[in-house]
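[1] quick check, what structure comes out for this input:
(chains A, B and C)
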Amino acid sequence: MNSDPNPSNRPQEIEPIAGSARAPVWLFVLVAVLAFWGMGFLDNHGGGFDPLVYKPYKSLAELKADQPRTGNDAFRKGQKVFESYCILCHQSTGKGLPIQYPPLAGSDWVQAKDPGRLIRLVLDGIQGTITVSGQQLTGAMPPWKENLTDEDIASVLTYIRGNQEWGNSASQVTPDQVKAIRGKMAGRSTAWSPEELLKVNENE
Amino acid sequence: MVLAAVPSVPPVALAEIDSSCRVPVLFLFACAAFWVVTASIFALIASLKLHMPDLLADCPWFNYGRVQAAQMNALIYGFAGQAALGVALWLIARLGRTVLVQPGYVVAGAIFWNAGIKLGILGILIGDTTGYEWLEMPAYASPILFVAYAIIGVCGLLTFHQRREPTLYVSQWFLLAALFWFPWIYSTANLLLVFFPVRGVLQASINWWYIGSLSGIWFGFIGLAVIFYFLPRLTGGPLYSNPLAMVAFWTLALFGGWGGIHHGAPLPAWIPSVSTVFTVLTLIPLLAIAINWNKTLGPANWRESLPLRFVLFGAVAYLLAGALSIADSLPQVSQTTHFTFFTTARTQLLLYGFFGMTMFGAIYHIVPLLTQSEWPSAKWADRHFTLAALGIALYVASLALGGVFQGRALNDPSKSFLDVLRIGLLFFRVSTLGDVLMLAGNGLLALNLGVWLVRCCRACCVPAIVAVVKPQMAGLAR
Amino acid sequence: MNHGPLIFLGVFFALALSWFGLVFEPQLQLGNAQPTTNVVNTAELYPQRRPGLAKQGLDVYRSLGCASCHSQQVGQTGRTYDVALNDAGTNRAAVVGALLKVMPGATAAELEKLVAGPVPLKVLKDVTRAVADAAVGKLEPTGAKAEVNVIPTGPDIARGWGKRRSVAEDFLFDQPVMLGSQRIGPDLADVGSRLPVAERHLLHLYNPKIFEKKSVMPPYRFLFEKRKIGREPSPDALRFNSEFAPERDCEIVPTDQAKALAAYLLSLRADAVIFETPMTVAVATSTNAPAVSTNAPVAAATNAPAK
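    Numbering: from 1, shown residues only, chains lettered A, B, ... in the order given. Coordinates of the predicted model:
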């Protein structure tokens, strides 16, 4: 300890030694606190350690949610199913053909409060003379239970029931509802007749 | 003088240790002093170019980007690297109570190191820069540095292995860790960036990892080793707590190398987040070190010893730089400070304020012991401290404040970019003054050291040469 | 703590942790990244390798150390959602009915006028994802085509430096990747979209004061040749206005380095829509075509300065 840098005036050189005072306990508590904070921070900002997730996204699910798509998936998917299978008979306007193919637009069958009859109809087909919104039509509709999945049937029924362009505004149909009825009607192998179907309660 | 490691042999006398270290360590220090002046000149040129863009504009060698890169490399590898190695070797020899192994090889290594840096800086100025921050030296220069380091590092390791003093002091842990870590990060970074480049933005991730590790582990650990040695040594008392130092050492080893990746980077969100979490955790070692130093100092009188003044400044700068980097790693803060002069301020606080000043203190303490004589001018040494301290304080304060204002303007889209620049430049002008002061201070150190070396060489080398040559001349005359 | 080898071992593992986390793990995740497809135009791979001249320009950029003043990373702090009506469909009444539910405060008469007007029509601005989805869900069954627009937000984006943040894919083929860490000059990640004309860059390199009197960027005159005009002026010669023009009989011609650098700057674009950066960039059109993402420049660049 001197201002004179001359070494010959310095006291004997002693290398430093380390004392043995204890480390304070609160330091270790702080480690735990910071570690806890760190885990929370990584949860919030870590993006799930996914290489595709960048700030400001917090997870891959959030990122996927922002990918281009429109709002009503079931509706859009249902439109695709309709345009692939149903449009040939029921037409793109949903008006069908007189005498042969029933209209879906404004149809009382379609806009029934519960979709039970509709689901059965699509699953197993329908044959005979039917009265739709005052019109009488005679024809046959093939069964779709082999060709369409529960999701497909639910989405296409959602589409036709909710299509406001046609003037329909009935409730959605979920795949679970279709699955339940498919299970109940598992043994059936013939098409429905309108009379038979009218006897079924629509909310079953 | 290589002695076999015999545990029961008593420790070597301090004077003998110092004399074994004399030539290599003085050589390293002299080269370091040369490079710090060179770096300061480059820094001043770069700084002036931002005020007067037409300065040297027609000379591609002195393009801003190249001069800036040359300045950083001269500072980091030329000054800081060599000062670090010189001090490290001396400390390892002193604390192990043994002589330095193969001083001749160390000198050879240092010559290689300087040759590599000269080649590297030249390469940067002619445009062969690699494009990576702090690794700009071209591919033909970095292997030279690596080989030079290997030579010096092995000598240091052997000296450590041959220690007579079985108890390891705190500084030795830090030095061991630092000596080991530098070749790992240097070789990894160069291999994965320059020789076998990795894909895309991974290069940036590795670059930032290298910068963080170099600052936190290499410079951090060696600077800490020096401060842990000199604080008790120069105040006469023991270090307050060994357990606290252990806590600091291990937590810093675990958490210290993760810093430097900010949240705006084009990397997946987890990488900057992980960097933030670990940087915040370095609060633990920072507190442990602060407590240790505070209790060790007690009522020390810093006016009395020049090396102590430098080391104290370095200690305060370390704690401040650590606190700033913890703050800077948080996304809310870095949203304002990233891409501004704040990061420059923080880096220079660490490099110059902490590491540079600590090394200066060590040099001012060690050189008298090695040469067994006094400084040519104690006044110059004193002035050096004043100039350096003032220069760094001006530089860091102005750029840190300026950076915050600049960042807030950057985040405000209604401010045009020119406004942002003008705000930054306002504070930058003050920092140029800081650059001038630092250059002056470094110049004084170089002068002091230069005069000293000339005197020292005249004192011992010339009579030795005369003693050899005179009989031969006499023999020839017969 | 007196046993050297044990300390070394401990230090090895402790320090290796950061190597593991910041070098090894990212390499595992991103090391073999391949070009991804543009989400909108799925036939297009992104990124494309830079064409030859632009690649040479990258080298010039590196050699001059441009990254010490310019950054190349656009940030993003959030995103907001808009709802746009792209097609009013055939049942206008139903659309108006749905819009009445979705746009509070609007009258039926206003909405009828809006629905009859040009599309796309911004129905909602700056709402949350849930609200936007619900709005589209109400609009779609009416036969209208509506879309949720994702709009990245952040100060860099607001400043016009990019339309979305920079991500790893943007730098896939570059070596070295020079992201920069200072913004003494503006960010350049998307400068090719902002300033898509080579001559603008060449003029700026020759004398930055042409475009900004207070610029601190140095003039890169050594990238250009000043020579006497021969029989005819060179086709490459820069065109100045009277304030900055050289002497009467001289012209300034860019060297190969300058041209390469300009090509590189033109190739710097970060506006493709990929999986990591969802965004909707709509083009205003009065047809019923759905919104598409385009690479149209945000601001037209002037060819020669006319001040």
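
[2] residues in the stretch 101-250 of chain C within reach of chain B, list them.
    Within the stretch 101-250 of chain C, the positions near chain B by Cβ under 8 Å from any Cβ of the partner chain are C:155, C:158-159, C:165-184, C:186, C:208, C:212, C:214-222. For glycine as for every other residue, the C-beta is placed from the backbone atoms N, C-alpha and C.

[3] how about low-confidence regions in chain C?
    In the predicted model, chain C carries pLDDT under 70 at residues C:41, C:282-307.

[4] leaving out the residues flanking it, which one is nearest to whichever residue of it sits closest to chain B?
    Chain B sits closest to C:Gly65 of chain C, with a gap of 1.7 Å, by Cβ to the nearest Cβ. Leaving aside its chain neighbours, C:Gly65 sits nearest to B:Gly65 (1.7 Å; criterion: Cβ to Cβ, 6 or more residues apart in numbering or on different chains).

[5] can you list the residues that contact whichever strand or helix holds that neighbour?
    Element membership of B:Gly65, judged by DSSP states H and E, is helix B:64-73. For helix B:64-73, contacts defined as Cβ atoms under 8 Å, 6 or more residues apart in numbering or on different chains pick out B:39, B:42-43, B:45-46, B:49-50, B:60, B:117, B:120-121, B:124-125, B:127, B:129, B:133-134, B:136-137, C:64-69, C:218.

[6] likewise for stretch B:310-320?
    Under Cβ under 8 Å, 6+ apart, the answer for stretch B:310-320 is B:220, B:223-224, B:226-227, B:230-231, B:234, B:286, B:289-290, B:293, B:297, B:302, B:349-350, B:353-358, B:360-362, B:364, B:385, B:389, B:392.

[7] next one, pLDDT for A:Glu151 please.
    For A:Glu151, the model assigns a pLDDT of 87.

[8] correction: B:Asn301
    68.

[9] so which residues of chain A form helices?
    Secondary structure of chain A, counting by DSSP state H: helices at A:25-45, A:60-65, A:73-81, A:87-90, A:116-124, A:150-162, A:175-184, A:194-199.

[10] pLDDT of the fourth one, averaged?
    So the one you mean is helix A:87-90. 88.

[11] for B:Gly120, give me its contacts.
    B:73, B:77, B:136-138, B:141-142, B:145.

[12] identify the residue spatially nearest to C:Ile151, adjacent ones excluded.
    C:Ile151 sits nearest to C:Thr80 (Cβ to Cβ, 6+ apart), 5.3 Å away.

[13] count the neighbours of the residue nearest to C:Gly65 for me.
    By other Cβ atoms under 10 Å in any protein chain shown, the residues close to B:Gly65 number 25.

[14] which SSE is C:Glu225 in?
    Using DSSP H and E, C:Glu225 falls in strand C:224-228.

[15] now that strand: buried residues?
    C:Phe224 (16 or more other Cβ atoms under 10 Å in any protein chain shown).

[16] that one pairs with which strands, parallel or anti?
    strand C:250-254 (antiparallel) (DSSP bridges).

[17] who's in contact with the partner strand?
    So strand C:250-254 is contacted by C:202, C:206, C:223-229, C:233-234, C:236-238, C:240, C:246, C:262 (Cβ under 8 Å, 6+ apart).

[18] one more time with 7 Å
    Under the criterion Cβ atoms under 7 Å, 6 or more residues apart in numbering or on different chains, residues C:202, C:206, C:223-229, C:233-234, C:236-238, C:246 lie in contact with strand C:250-254.

[19] just stretch A:95-113 next, same as before
    In contact with stretch A:95-113 (Cβ under 7 Å, 6+ apart) are residues A:89-90, A:93-94, A:117-118, A:130, A:132-133, A:137-139, A:160-161, A:166-168, A:170, A:202.

[20] just the buried residues of those.
    Here, 16+ other Cβ under 10 Å leaves A:90, A:94, A:117-118, A:130, A:132, A:137, A:139, A:160-161, A:166, A:168, A:170, A:202 buried among the contacts of stretch A:95-113.

[21] of those, closest to chain B?
    Nearest member of these to chain B, counting by Cβ to the nearest Cβ, is A:Arg161, at 41.9 Å.

[22] contacts only, for the closest residue in space to that closest one that isn't next to it in sequence.
    Distance criterion Cβ to Cβ, 6+ apart; nearest residue to A:Arg161, sequence neighbours excluded, is A:Ala170 at 4.0 Å. Listed by Cβ under 7 Å, 6+ apart, the contact partners of A:Ala170 are A:110-111, A:161-162.

[23] okay, A:Ala170: pLDDT?
    For A:Ala170, pLDDT reads 84.
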